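Q: Sequence first, predicted model second:
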Amino acid sequence: MIENKSAILLKAFYAELIVALGELKKQITPSDDFDLPAFLEWVSSKQNCLPETNEDVYKLSRQPNPTVDNDDPEPDTSYIKAMSAEEFWNVIDLVDTRALDREYQKQAMEPVVGYLELQPVDKIKSFHNHLSEFIYAIDTRKHCEGTRDEHTDDSWLYLRLYVVAQGLKYYRKVLADPSAMQKKYKSGESLMFVASKAWAKVTKDEASNFDSFTFKGFGSFVNDDGWS
């Protein structure tokens, strides 16, 4: 199983910290009031219980630190259900699939962006979360093997976005039967950015500032159940 990138970075941090403290140990005298061996053991133990999914990383980050006063409120995720799954798929039906197959990514997504620009911010964010949920559901070993190709993180993400862009009927078929996965590589990369573009138009802000929490994220090879 390929680990979540956040977990890999955290493990690398702990590994480097252990090395640094090992060097520090050489400088500490017996009179110093610090139990370094116990601390090193504690740091090592943390490597074995790090999160491996976006949701687990998020939950860990929200745990209170007993040594720090943290009055930060929980993020508002009430928007998650602002758009129904039915409306999400109705919006997906606006994708110009012919343009997408011809690799005219911007043209293919213009109708979707146009629709979302007329919606409240909460619905735009909810659309983004639905998208992450649906691509996560087909992030499985069987679905990947159904393509008969090897994939990088990006290519596997873009192909799953392409599957969603084809609409609910095809998506349901693929979800139920991994062998029905798109065999020839196609990219739906632009679908990942329609929410941020619409959000920028509605808020008069930069698309790069779009920050919408999603429970599943947009990673590849991160569905633990699907890759176990």
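A: Okay, I see it.

Q: quick one: contacts for Y158?
A: Residues counted as contacts of Y158 (Cβ atoms under 8 Å, 6 or more residues apart in numbering) are 187-189. All C-beta atoms are positioned from the backbone trio N, CA, C, and that covers glycine.

Q: just for this structure, where's the confidence low?
A: Under the criterion pLDDT under 70, the flagged ranges of the chain are 1-15, 17-37, 39-40, 43-76.

Q: which of the contacts of Y158 has the most neighbours?
A: Per-residue neighbour counts (other Cβ atoms under 10 Å) across the contacts of Y158 peak at G188, which has 24 neighbours.

Q: That one against G167, yeah?
A: No: using Cβ atoms under 8 Å, G188 is not in contact with G167; the gap is 11.6 Å.

Q: ok, so of the contacts of Y158, who is nearest V91?
A: Closest approach between those and V91, by Cβ to Cβ: G188, at 14.0 Å.

Q: if I look at the closest one, how far off is E103?
A: According to Cβ to Cβ, to the nearest Å, G188 and E103 sit 11 Å apart.

Q: Ok, G217 next?
A: 26 Å.

Q: More neighbours: which of the two?
A: G217 (19 against 11).

Q: pretty sure the more buried one is touching S132, no?
A: Yes: counting by Cβ under 8 Å, S132 is a contact partner of G217 at 6.0 Å.

Q: can you list contacts of stretch 192-205?
A: Residues from elsewhere that reach stretch 192-205 (Cβ under 8 Å, 6+ apart): 109, 112-113, 116-117, 119-121, 124-125, 127-128, 131, 157, 161, 206-210, 212, 218.

Q: Kindly report the same for stretch 95-108.
A: Contacts of stretch 95-108 (Cβ under 8 Å, 6+ apart): 109-112, 162, 165-167, 186-191.

Q: Kindly export it (C-alpha atoms) in CSV.
A: What follows is stretch 95-108 as a C-alpha-only set of coordinates in CSV (Å, rounded to 0.1, in the frame of the first residue of the first chain):
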residue,chain,number,x,y,z
VAL,A,95,-19.4,18.7,-19.1
ASP,A,96,-18.8,18.8,-22.9
THR,A,97,-17.5,15.3,-23.2
ARG,A,98,-16.7,15.6,-26.9
ALA,A,99,-14.4,18.5,-26.1
LEU,A,100,-12.9,16.6,-23.3
ASP,A,101,-12.1,13.6,-25.5
ARG,A,102,-10.4,16.0,-27.9
GLU,A,103,-8.3,17.3,-25.0
TYR,A,104,-10.0,20.8,-25.0
GLN,A,105,-10.0,20.8,-21.3
LYS,A,106,-11.1,24.5,-20.8
GLN,A,107,-13.9,24.3,-23.3
ALA,A,108,-15.1,21.0,-21.8
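
Q: Number the residues from 19 up from this point.
A: I'll keep to 19 as the first residue from here, and by that count the last item is stretch 113-126.

Q: Give me the buried positions along that stretch.
A: Neighbour counts over stretch 113-126 (16 or more other Cβ atoms under 10 Å) mark 113-115, 117-118, 123, 126 as buried.

Q: Same question for stretch 163-175.
A: Result for stretch 163-175 [16+ other Cβ under 10 Å]: buried residues 164-165, 169, 173-175.

Q: List the contacts of it.
A: 153, 157, 162, 177, 192, 196-201, 203, 205, 207, 210, 236-239.

Q: Would you mind writing the ChimeraX command to select the buried ones in those residues?
A: Restricted to buried positions by 16+ other Cβ under 10 Å, the ChimeraX selection for those reads:
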select :153,157,162,177,192,196,199,200,205,207,210,236,237,238,239
